[in-house]
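S.K.: 3D model of this:
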Amino acid sequence: MEILIFFAFLATLLTWAINSLGAATVLFLKSPSDKTMNLMLGFASGVMIAASFWSLLEPSIELAQKNSALPPYIVATVGFLFGAVFMWLSDKIVNFSRRRVIISKGSNNKKTNRIIMLVLSITLHNIPEGLAVGVAFGSLQGSNYSPETLMGAITIALGIGIQNFPEGAAVSLPMRREGYSRPKSFLIGLLSGAVEPVAGIIGALAVVYINTILPYALAFAAGSMILVAVHELIPECQQNNETHPYFATMGIVTGFAVMMLLDVMLG
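M.R.: You can find the predicted model right below:
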């Protein structure tokens, strides 16, 4: 059992490393124009929307069909709505808390709230991904082990890792848009994926019980991501685009297509 936990930890370290590579793209970009940043924000929005379905809702429904006593559509809907409500409440709490402290003149509360919600949603998204990898490796014990099931667990880890590349960029690039420095944008993008190794260990340890929880967790993360993408990122990427009105929209379409391609291709 200990070796499986160790393998789950190594696998989620890999997924985190690829997430970090995505976040590192912000280090190599020059100060981009509004047009370029609208494209990048649109790309991040498309990534989050596509990941919400193919990485989260679809697996949630499949797992619920296998392991839940409730109908899969109930499991997915409940988890999704709780995720959206959680992010909405988080936004309200952030706004309330910031009104209770002294804010230096010229600070942008709306900008800060938007960044907090973005980072929180991506971090929440990474938790069930780490759990999924941990469960895949933890379930290899006993009679369930075979070369085929081992390869399946490795494939899950590689698939989630590759998907994490655009997700890391989806944190660091919008932060750069909001005026944060490149190192700080990268650091926050890096930390947003740090929950995956922790979640991987938990998933491997709790593999007997987690199958009943995981469908809800996946749908919960999907609801949180959709709310942030629709409420924050898409309106933001549509600003200052009078001369190139479709630039941000094509970013959304491209981000969605890239994430859909990775998810469907890697299963």
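S.K.: drop to CA atoms for contacts and neighbour counts, all remaining ones
M.R.: Noted.
S.K.: contacting residues around the residue nearest to Ala51 when sequence neighbours are not counted?
M.R.: Closest residue in space to Ala51, ignoring its immediate chain neighbours: Met259 at 6.4 Å, by Cα to Cα, 6 or more residues apart in numbering. For Met259, the contact set (Cα atoms under 8 Å, 6 or more residues apart in numbering) comprises Gly46, Val47, Ala50, Ala51, Gln163, Pro166.
S.K.: which helix or strand contains the last one?
M.R.: Applying DSSP states H and E as the criterion places Pro166 in helix 147-177.
S.K.: tell me what that helix is packed against?
M.R.: With contacts taken as 3 or more Cα pairs under 8 Å, 6 or more residues apart in numbering; DSSP states H and E, helix 147-177 sits against helix 2-23, helix 34-51, helix 109-138, helix 182-192, helix 247-266.
S.K.: export the contacts of Met259 as CSV, with columns for pLDDT.
M.R.: Formatted as CSV, those follow (pLDDT from 0 to 100):
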residue, pLDDT
Gly46, 87
Val47, 82
Ala50, 86
Ala51, 79
Gln163, 68
Pro166, 76
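S.K.: nearest to Leu118, of those?
M.R.: Distance to Leu118, by Cα to Cα, is smallest for Val47 among those, at 12.8 Å.
S.K.: is that closest one in contact with Glu167, as I believe?
M.R.: Yes: taking contacts as Cα atoms under 8 Å, Val47 lies within contact range of Glu167: 7.0 Å.
S.K.: coming back round to it: out of the helices and strands packed on helix 147-177, which is the most enclosed?
M.R.: Ranked by mean neighbour count, these are led by helix 34-51 with a mean of 26 (mean count of other Cα atoms under 10 Å).
S.K.: what packs against that one?
M.R.: Counting by 3+ Cα pairs under 8 Å, 6+ apart, the packing neighbours recorded for helix 34-51 are helix 147-177, helix 207-228, helix 234-237, helix 247-266.
S.K.: just want the angle from that helix to helix 109-138.
M.R.: Here helix 34-51 points in a direction 40 degrees away from that of helix 109-138 (axes from the mean of the first three to the mean of the last three Cα atoms, to 10 degrees).
S.K.: after helix 34-51, heading C-terminal, what element do we hit next?
M.R.: Where DSSP H and E defines the elements, the next helix or strand beyond helix 34-51 is helix 58-67.
S.K.: averaged over its residues, what pLDDT does that following helix have?
M.R.: On average, the pLDDT along helix 58-67 is 86.
S.K.: and that helix, what does it pack against?
M.R.: Looks like helix 58-67 contacts helix 72-99, helix 207-228 (3+ Cα pairs under 8 Å, 6+ apart).
S.K.: before we move on, back to that, identify, from the contacts of Met259, the entry nearest to Leu10.
M.R.: Checking the contacts of Met259 against Leu10 with Cα to Cα, the nearest one is Gln163 at 17.2 Å.
S.K.: residues in contact with Phe82?
M.R.: Phe82 makes contact with Phe220, Gly223 under the criterion Cα under 8 Å, 6+ apart.
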